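Engineer: give the three-dimensional model of this entry:
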Amino acid sequence: MNSRIGRRIAMLASTAALVLGGVGLSAGSASAADSLVWLTTDHGVGLYIQPNVTGGKDLRGPDLFKANYDAVLVHCWTVGQYLDNGDVWYKVTHEWYGSGGIDGTSGDDEWYVDYVYGAYVDGNAAFHSGTIPRC
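Structural biologist: Prediction:
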């Protein structure tokens, strides 16, 4: 069990390093300012086409969950629809599906440009810390 968790952490760390270190830059979606943000809340995080729920979900990718060690690469934040804990939405350029994977296997990543509700991702911590710019 411990070796499985260690391998997952190593895999996640290496993927993050590749994305932030330049391999992801060759795809043209990421920039040096993008920040990898791990999900820290217990709420599921959906991918939305616009910074609101009325614009509809992006059905190409399933919801993300902290329990699966999921993360998003955040490009910037914007003001959107007010939900439970404010109106801050993150524009993401990359989704990392940890142990659950996009198809139920371990460790998948996708390059969808979408919006996620910041409060459900990390309680808006990246927004409050100033690590991501405004869109």
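Engineer: residue 133 and residue 33 touch, don't they?
Structural biologist: Yes. When contacts are counted by C-beta atoms under 8 Å, residue 133 is listed as touching residue 33 (6.2 Å). All C-beta spots, glycine's among them, are computed from the backbone N, C-alpha and C.
Engineer: overlap in contacts, the two.
Structural biologist: Overlap between the contact sets of residue 133 and residue 33, as judged by C-beta atoms under 8 Å, 6 or more residues apart in numbering, is given by residue 76.
Engineer: now do the helices in the protein.
Structural biologist: Using DSSP state H, the helices found in the chain span residues 2-21, 118-122, 125-129.
Engineer: list the contacts for the most centrally placed residue in the chain?
Structural biologist: When the chain is reduced to its mean C-alpha position, the closest residue under C-alpha atoms, centre = their mean turns out to be residue 72, at 1.5 Å. If you count contacts by C-beta under 8 Å, 6+ apart, residue 72 has them with 36-37, 39, 45, 64, 90, 92, 94-96, 116, 121.
Engineer: can you tell me how far it is from residue 34?
Structural biologist: For residue 72, the distance to residue 34 under the criterion C-beta to C-beta, to the nearest Å works out to 10 Å.
Engineer: what is in contact with these two at once?
Structural biologist: Taking C-beta under 8 Å, 6+ apart as the contact rule, the neighbours common to residue 72 and residue 34 are residue 94.
Engineer: and the helices of the chain, which one's lowest on average pLDDT?
Structural biologist: Of all the helices of the chain, helix 2-21 carries the lowest average pLDDT, namely a mean of 43.
Engineer: where does this structure have low pLDDT?
Structural biologist: 1-32, 100-106 (pLDDT under 70).
Engineer: got the contact list for residue 45?
Structural biologist: With the criterion set at C-beta under 8 Å, 6+ apart, residue 45 makes contact with 39, 63-65, 70, 72, 116-117, 120-121.
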